[in-house]
Structures are given as C-alpha cells and as structure tokens.
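Trainee: Requesting a structural model of the entry that follows:
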Amino acid sequence: MNKQALVGAFVLGGTGLLVAAFVLFGNFHPFTRTEKAVLIFHGASSGLAVGSPVTFRGVQVGAVDRVVIEYNPATKDAYIPVYVTMRPDNIVLTNSSHHARPNMAELVRQGLRGEMNLKSFVTGSSEIDLDFAPNTPAVLHPDIAQITEIPTRQSTIEAMTKSFQDLPLRQIGENADATLASVRKLSDQLDRDLPALVQSVRETSDHSREMIDAARKIVTDLEPTLTHTLTSVDRLASTGATQLDARGKELHTVLLSTNDAVRQATKSLANLDSMTSPRSADRANLEASLRDIAAAASAMRGFATDVERNPQLLLTGRRP
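Mentor: Okay, the predicted model is just below:
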C-alpha cells in the first residue's frame, strides 16, 4: 500500500510539474480568459511560427497558435492566415467602473490593425505587432476568416522590400555598365592625351618663367635710369615752385596792369559805340564833314579836268 501511494504521489508530482511547465514557459494558461482571432497576410510570412509573440506597442498580449496557407485554385492566389490567441486580461481600463472591456470585434471597429515585423536580425524570427490605425482601411476576408479577423497593414520592412522590388534593377545595372564603359573610355583617352597636355603645360610654364625672368632683368636694368629721371623731375618741380614763388609778385603786377588795360579798352569801345550810334551828334558832324570833303573832292576833280583840257587856266584862271 505504501508503494502504491508512493507511485501515485510521483505521478501526481510529475503531472503537476508538466502543467507548471506549460503554464510558465508555454502558451497554455488554463485560468486566464483568452480570445481567438486571425490575421490574414497576402505576402510572405518568413520567420513567423507557432509561439511567436503578438505585441501591442512592445507589450506582449498574445501568441501565434497556427500558421496555414489558404490557396485558391481558381485565382491561383495564396493567403497566409495566422491564428492567434489574445489574453485581454493584460489590458487594464481607465475608470474600469464606468467602462466595459471591449471585445476583439469592437477593437477592430475602433481601428485595431496588425502588421508583421522582424523580431531579430540574428535568428530571423518575426512577430505580430498590433496598434490603432483608424486611417488605414480595413481589408477583410470573410470567405477565409471563420473567426474575428484583425485587418493587416503593410509593415515598414514590407514597404522597403516592395520598393526594392519595384526598382528597375536591370535598367540601373545597364546604366551602371554604360557609365563604367564611358569612364573607361575617358580614362583611356586621358592616358593618351594627358602626357602631351602635361608636356604642353610644362613648356608653357617654362616659357612663362623665361618671360618673367626677362621682364625682371629689363626692370632691373631700367631701375637706375628711372631713378635718375624721377630725381630730375623732382628737381625740376622744385625749381619751378621756387621760380613761381619768386615771380609771383611780378605776375600779380602784370595781371593788374592787364586788368587796367582791359578796362580802358572797354571804355574806349563804349565811347566809340556812342560816337557811331545813329542818334549821336558826333556821328552827324562826321557825316557832314565827309559830305563836305566829298563835295570839295568833286570840285577838285572838275578843276583838274578843266586844267587838263586848258592848261592856261593855271595862269589866267577861270573867267566869270
């Protein structure tokens, strides 16, 4: 009897340890309320396996139960339904006395979305991340999902992968090959032409150096002459300044005399202008005198004509 009790106690102990191991290290939680849901992915789900964590903003709220492939022979299209078990007891509500905990369908209507992200770059394992994204349209698959479906959205890694897949890699490679060919051609041309160009530049530099040396020699030779010329110009300027200072008074006197002469000439011109004015008495007298001189000249011309005709008039004179 004691032996049977010992065996029974051993079996019960082993069963208890097995249950404890499931509870502590597995996803079996017999005393925790759970809720099932499914996420349907259209792309690849590499790294996702049974037991992969389901997190909400980094906090684990569930785990993956099953990953299957849903294939449609008519459309030749395949989807990846991922069945998860959620533990809503991990969610604590604010003012829980006034609000009831929403179920999974209500959370989906409020904008709950799921995406698959890489958990570890070393192991390549993935996880499912949940978050609220009400601006992301909810794409559902009622013909596949038999339980509550959490809509999925494209993750950052998937977007990057799609961007890389959409890149025209072949065209980029062809452009790179063409660019390398052009660079190689340019390099070959430089290998041919660059030595001649370097030689030309060197010869030009040598010629320029010779011209600079010749110009320096000319300037050096002309420096004494230029110095002597500048000294002579400076001496001439000094002499001119000295003479100008010495003759300053004489020039002033000459300028004053010239000014007086100009005033006298101006006065004489004014008098002459008054004499030649049409209303001037001096001009009338001058004109009368000119008329008398003209009359006398006419009389003399007539007398000269008579004498020429009759020279005796010089002795006898004219008879009345």
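
Trainee: For the lengthiest helix in the chain, name the packing helices and strands.
Mentor: Counting residues, the longest helix found in the chain (DSSP state H) is helix 169-246. Judged by 3 or more CB pairs under 8 Å, 6 or more residues apart in numbering; DSSP states H and E, helix 169-246 is in contact with no other helix or strand. For glycine as for every other residue, the C-beta is placed from the backbone atoms N, C-alpha and C.

Trainee: What mean pLDDT does it get?
Mentor: Helix 169-246 shows a mean pLDDT of 81.

Trainee: just checking, what packs against the helix or strand following it?
Mentor: Once helix 169-246 ends, the next helix or strand along the chain (criterion: DSSP states H and E) is helix 248-275. Using 3+ CB pairs under 8 Å, 6+ apart, the elements in contact with helix 248-275 are helix 281-309.

Trainee: Now do the contacts for Thr152.
Mentor: By CB atoms under 8 Å, 6 or more residues apart in numbering, Thr152 lies in contact with Leu39, Ile40, Phe41, Arg113, Gly114, Glu115, Met116, Val139.

Trainee: thinking again about what came up before, what's the spacing between the longest helix of the chain and its chain's center?
Mentor: The chain centroid and the centroid of helix 169-246 are separated by 34 Å under CA atoms, centre = their mean, to the nearest Å.

Trainee: and it with helix 248-275, angle?
Mentor: 90 degrees (axes from the mean of the first three to the mean of the last three CA atoms, to 10 degrees).

Trainee: quick one: Thr55 and Arg87, what's the gap?
Mentor: As defined by CB to CB, to the nearest Å, Thr55 lies at a distance of 12 Å from Arg87.

Trainee: what residues do those two have in common as contacts?
Mentor: Counting by CB under 8 Å, 6+ apart, the common neighbours of Thr55 and Arg87 are Val61.

Trainee: What's opposite Glu115 in the beta bridge?
Mentor: Per DSSP bridges, the residues bridged to Glu115 are Asp129.

Trainee: Please verify my assumption that it contacts Ile150.
Mentor: No: counting by CB atoms under 8 Å, Glu115 does not reach Ile150; the two are 10.2 Å apart.

Trainee: neighbour count winner among those two?
Mentor: Ile150 (24 against 20; other CB atoms under 10 Å).

Trainee: For that one, which residues are in contact?
Mentor: By CB under 8 Å, 6+ apart, Ile150 lies in contact with Ala37, Val38, Leu39, Val84, Met104, Val108, Leu112, Arg113, Gly114, Leu130.
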